[in-house]
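Engineer: below are the sequence and a predicted model; questions follow.
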Amino acid sequence: MINTRRRLVITTVVATLAAVGVVGGIVGLAVLYGGFYNIGATKSHFPQVHRILERGLLESVSFHARDVQVPKEITLEADTPPGAPSAAYRAKPQVVRGAGLYRDNCVVCHGAPGVAQGDIGKSMQPVPGPLSDAARRWRPNELYWITRHGIKMSGMPAWQYHLAEEDIWAVVGFLVALPSMTPQDYAGITAQSGPQPRAPRPSFARADVERGRLALTQYACHACHMVPGVTGSDTSVGPALSDLKSRKFIADDLPNDAANLARFIRDPQATNPHSAMPAMGVTESDARDMAAYLLAQ
């Protein structure tokens, strides 16, 4: 009798959960294909959606940044009372360089003490807020991870392929000092830094297929091309890059091999003046990696 009752209870619970799942799936599909959810950036997310996304962001960054090793001088400064980095720390060449890099690359979205965000940053959803208090909300290892890897579907780009490792740490070092800065402090430190040429990223002697796949995403190749193994929207701006190894020629008359493909990736119009493909600032090492990946598919 007890076993029969237990089976009945379990069956009822399972059936109820299954029914809820089916109804939830139907509602979800109706919302998805009905287009009812407004994805326009003129309308904010529902508060519940925002809280879920933010909680997921916090936990993901904390988990993935857990093993990042922070330079000692940044760790020592970050451990001082919030908002109290010393004037000596702010004068360090790395921090001054970080200020210039921040001004050149980050202000348009995040603003700075006494400096408004650009129109791009003001109009995003979610809004990329000011970083004046970032060092109070994030540990240095987390600031590094966010800067290096970016955040999907937020507008925050990954800087791994566009800033050298030392420059990413320079930006983090500057962010640690930022909470204590007045508008006058910020104006002074950025005046010292001048325009910042980017430090060269490391070059690898041998091409690497997996590095190539990542490089293709970080130079926006999948914005115009369908790239095998890379998630992206259907696009036909440029030709699909699948089965590239079977083609005899690149850009009409260039023999298809790894060296020529890398050369074309770096400077398409030098090879074919009629090509609409722009030069994307791809380094020689990254171009070799990208060519290796594409020819391996």
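Structural biologist: Nice, thanks for sending it over.
Engineer: tell me the secondary structure for Ala18?
Structural biologist: helix (DSSP: H, G, I helix; E, B strand; the rest coil).
Engineer: how many residues are close by it?
Structural biologist: Neighbour count for Ala18, taken as other C-beta atoms under 10 Å: 10. (Each C-beta comes from the backbone N, C-alpha and C, glycine too.)
Engineer: from Leu8, how far off is it?
Structural biologist: Ala18 is 16 Å from Leu8, where distance means C-beta to C-beta, to the nearest Å.
Engineer: repeat that for Val230.
Structural biologist: Counting by C-beta to C-beta, the gap from Val230 to Leu8 is 51 Å.
Engineer: ditto for Leu17
Structural biologist: Taking C-beta to C-beta, one finds Leu17 at 15 Å from Leu8.
Engineer: now the strands for this structure?
Structural biologist: 249-250, 254-255 (DSSP state E).
Engineer: buried ones in the lowest-mean-pLDDT helix or strand in the chain?
Structural biologist: One helix or strand of the chain scores below all others by mean pLDDT, DSSP states H and E: helix 87-90, with a mean of 74. Neighbour-count burial for helix 87-90 flags 89-90 (criterion: 16 or more other C-beta atoms under 10 Å).
Engineer: contacting residues around that helix?
Structural biologist: 73, 77, 95, 176-177, 180-181, 185, 189 (C-beta atoms under 8 Å, 6 or more residues apart in numbering).
Engineer: for the residue lying closest to Asp133 once chain neighbours are set aside, grab the count of nearby residues.
Structural biologist: Computed as C-beta to C-beta, 6 or more residues apart in numbering, the closest residue to Asp133 that is not its neighbour in sequence is Pro179, at 5.6 Å. By other C-beta under 10 Å, 18 other residues sit near Pro179.
Engineer: again, but for Ser180
Structural biologist: Counted by other C-beta under 10 Å, the residues lying close to Ser180 total 20.
Engineer: just the pLDDT at it, thanks.
Structural biologist: The model reports Ser180 with a pLDDT of 84.
Engineer: quick one: it and Ser132, what's the gap?
Structural biologist: 10 Å.
Engineer: residue ranges with poor pLDDT in the stretch 51-200 of the chain?
Structural biologist: Scanning the stretch 51-200 of the chain for pLDDT under 70 picks out the ranges 78-86.
Engineer: try it again with 90
Structural biologist: Where the stretch 51-200 of the chain drops to pLDDT under 90, the residues are 53, 72-95, 120-130, 132-133, 135-136, 153-155, 177, 179-182, 185, 191-200.
Engineer: now stretch 252-270: buried residues?
Structural biologist: So, applying 16+ other C-beta under 10 Å, buried residues of stretch 252-270: 256, 258, 260-268.
Engineer: closest one to Thr12 out of those residues, please.
Structural biologist: Ile265 (61.1 Å; C-beta to C-beta).
Engineer: touching, that closest one and Ala291? I think so.
Structural biologist: Yes - contact criterion C-beta atoms under 8 Å: Ile265 and Ala291 qualify, at 6.5 Å.
Engineer: follow-up on the earlier one: could you export the strands of the chain as JSON lines, including mean pLDDT and distance to Asn3?
Structural biologist: Formatted as JSON lines, the strands of the chain follow (pLDDT from 0 to 100; distance: least, C-beta to C-beta, whole Å):
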{"stretch": "strand 249-250", "mean pLDDT": "90", "distance to Asn3": "71"}
{"stretch": "strand 254-255", "mean pLDDT": "91", "distance to Asn3": "76"}
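Engineer: in JSON lines, list those along with distance to Pro113.
Structural biologist: Below are the strands of the chain laid out as JSON lines (distance: least, C-beta to C-beta, whole Å):
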{"stretch": "strand 249-250", "distance to Pro113": "49"}
{"stretch": "strand 254-255", "distance to Pro113": "51"}
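Engineer: now for those, which one comes closest to Leu214?
Structural biologist: Across these, the minimum distance to Leu214, taken as C-beta to C-beta, is reached by strand 249-250, at 21.8 Å.
Engineer: for that closest one, which strands pair with it and how are they oriented?
Structural biologist: Applying DSSP bridges, strand 249-250 is found paired with strand 254-255 (antiparallel).
Engineer: so what touches the partner strand?
Structural biologist: If you take C-beta under 8 Å, 6+ apart as the criterion, strand 254-255 is touched by 248-249, 260, 263-264, 271-272.
Engineer: repeat that with 6 Å
Structural biologist: 260, 271 (C-beta atoms under 6 Å, 6 or more residues apart in numbering).
Engineer: widest-spaced pair of the contacts of helix 87-90?
Structural biologist: Going by C-beta to C-beta, the pair spanning the contacts of helix 87-90 furthest: Glu73 and Asp185, at 19.2 Å.
Engineer: the two: who's more crowded?
Structural biologist: Using other C-beta under 10 Å, the more surrounded residue of Glu73 and Asp185 is Asp185, with 17 against 14.
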